[in-house]
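Participant: Predicted model follows, preceded by the sequence.
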Amino acid sequence: MEEAQFYNLKVTYFNGSIQYKFYKKPVNFDYELECDNVSDVSDPEEASSGSETRKNKDKHSVDIERSMNVSINRSINQIYNYARANKWDYMVTFTMAADKVDRFNYTECKKKLCKLLNNWKNRKCPNLKYLIVHEMHKDKAFHFHGLIANPGSLIFEMARNPKNNKVLRDSSLRTIYNIKDFTLGFCTATKVSDTYKASAYICKYISKQLSIDNYIPNIQRYFVSKNCNLPETEIFNISQTEFFKFMSNQNVDFSKIIQTDYNTVYLYEINCKDEDS
C-alpha cells in the first residue's frame, strides 16, 4: 500500500481499537470533511432561478453553507479524535450560577471555567485531562459537558435527593456525584466504564450542538487540555478488491456504510486490546 495525499483508505489508531475508513472515490483532507457531511446542500446551478442576480445570491449562500459544514465537521472530527484517543474517568456537566458568572456570555463562561480548571491542575490534580464542549439552553444560557481523567484529589460526593436523602443515579443506574471543588455553580459527574460509549455520547451530542441550525460563529467550539492525546493515522491508496479481501480476514467488531451526496464510505472497526492510559 502506497501513501498519498489523495487517498481512499484512512486508518486511525484509537485507544484500544483500529478504525478503517474506505472511500469509494479518493479524497483529500478537506474533501473528506465535506463528503462526510450528510446534510443535503443543493447545487445552485440546478435551481430554477428567474434571474442571474438570484443565481449568484444562491451560489454565494451555498458556498457559505459549505464552508460552515467543513468548519463544523472539522471541529466534530477533532472532538471525536480526542474523545476516542484517551481513557476517561468521569463524564461531567458544569452548570453556572447566575451570581457567579453571566450565563448568557459565552466568552465569560469559558474564561472562568478555564481558569478554574487550571487552578485544579495547579493545586489538586496536575495530570488532569479534560475535553469540554458547550450547550446553549433554549433561554440562551450556556452550560458545559465534558470528559475528565486523572482527577487527583478533587472531592467527589454522592449526589442525594434533598427530599429523601437517597443517592441519585442516572438512567443506567450509575451513581451521580457532585464535585465539591467546582465553585462556579454546581457540577455533576458519573464514572466512565466504557470510553467508547462515553465518546460516542459526547460526539452525538456535539453534532447536534454544532449543526447549521445551532451554528454560532466566532466562538471556540471545544477546549481541551494540552496533555490529551490525538490518535495516530495513516492514509493509503488501495484497490477496492484488496481492501475487502483484507477486511474479510479481520475480526470486525463494527461496520457501517455511509452514503453521502459526494461519496460512499465503508467504515470498519476492530478492537485490538484492552484500554490503557
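Facilitator: Perfect, I can see it now. The shown structure was predicted, so the numbers you read here are calculated from the model rather than taken from an experiment. Residues are numbered from 1 along each chain as shown.
Participant: what's the longest strand in this structure?
Facilitator: strand 17-27 (DSSP state E).
Participant: on contacts alone, who are the packing partners of it?
Facilitator: Contacting strand 17-27 under the criterion 3 or more Cβ pairs under 8 Å, 6 or more residues apart in numbering; DSSP states H and E are the following elements: strand 7-14, helix 29-35, helix 240-248, strand 264-271. For every residue, glycine as well, the C-beta is placed using N, CA and C.
Participant: Show me what counts as buried in the longest one.
Facilitator: This points to helix 240-248. In terms of neighbour count (16 or more other Cβ atoms under 10 Å), helix 240-248 has its buried residues at residue 243.
Participant: swap in the last one?
Facilitator: Buried positions in strand 264-271, judged by neighbour count with 16+ other Cβ under 10 Å: 265-266, 268-269.
Participant: what kind of secondary structure is residue 107 in?
Facilitator: State at residue 107, reduced to three classes by DSSP: H, G, I helix; E, B strand; the rest coil: helix.
Participant: Tell me which residues touch it, please.
Facilitator: For residue 107, the set of contacting residues under the criterion of Cβ atoms under 8 Å, 6 or more residues apart in numbering consists of residue 219.
Participant: what's the spacing between it and residue 153?
Facilitator: 30 Å (Cβ to Cβ, to the nearest Å).
Participant: same thing with residue 236?
Facilitator: Noted for residue 236: a distance of 46 Å to residue 153, by Cβ to Cβ.
Participant: between these two, which one's more packed in?
Facilitator: Neighbour totals were compared for residue 236 and residue 153, and residue 236 leads with 17 against 9 (other Cβ atoms under 10 Å).
Participant: can I assume that one is in contact with residue 7?
Facilitator: Yes - with contact taken as Cβ atoms under 8 Å, residue 236 and residue 7 are classed as touching, separated by 5.9 Å.
Participant: quick one: secondary structure of the residue lying closest to residue 202 once chain neighbours are set aside?
Facilitator: On the basis of Cβ to Cβ, 6 or more residues apart in numbering, the spatially nearest residue to residue 202 that is not a chain neighbour turns out to be residue 83, at 5.3 Å. When classified by three-state DSSP, residue 83 comes out as helix.
Participant: Please look at residue 83 and residue 199 and confirm they touch.
Facilitator: Yes - proximity of residue 83 to residue 199 meets the contact threshold set by Cβ under 8 Å, at 3.6 Å.
Participant: shared neighbours of those two, which are they?
Facilitator: Common neighbours of residue 83 and residue 199, using Cβ under 8 Å, 6+ apart, are residue 147.
Participant: Identify the residues contacting residue 231.
Facilitator: If you count contacts by Cβ under 8 Å, 6+ apart, residue 231 has them with 12-15, 81, 84-85.
Participant: I'd like the distance between it and residue 135.
Facilitator: 25 Å.
Participant: Please enumerate the strands of the stretch 51-200 of the chain.
Facilitator: Counting by DSSP state E, counting those that start in this stretch, the segments of the stretch 51-200 of the chain that form strands are 90-96, 129-136, 142-149, 156-158, 176-179, 185-191.
Participant: partner strands of the shortest one, parallel or antiparallel?
Facilitator: Strands adjacent to strand 156-158 in the sheet, as given by DSSP bridges, are strand 176-179 (antiparallel).
Participant: mind listing what's buried in the strand it pairs with?
Facilitator: Across strand 176-179, burial judged by 16+ other Cβ under 10 Å covers 176-179.
Participant: for the stretch 51-200 of the chain, what are the low-confidence residue spans?
Facilitator: Across the stretch 51-200 of the chain, residues meeting the criterion (pLDDT under 70) sit at 51-66.
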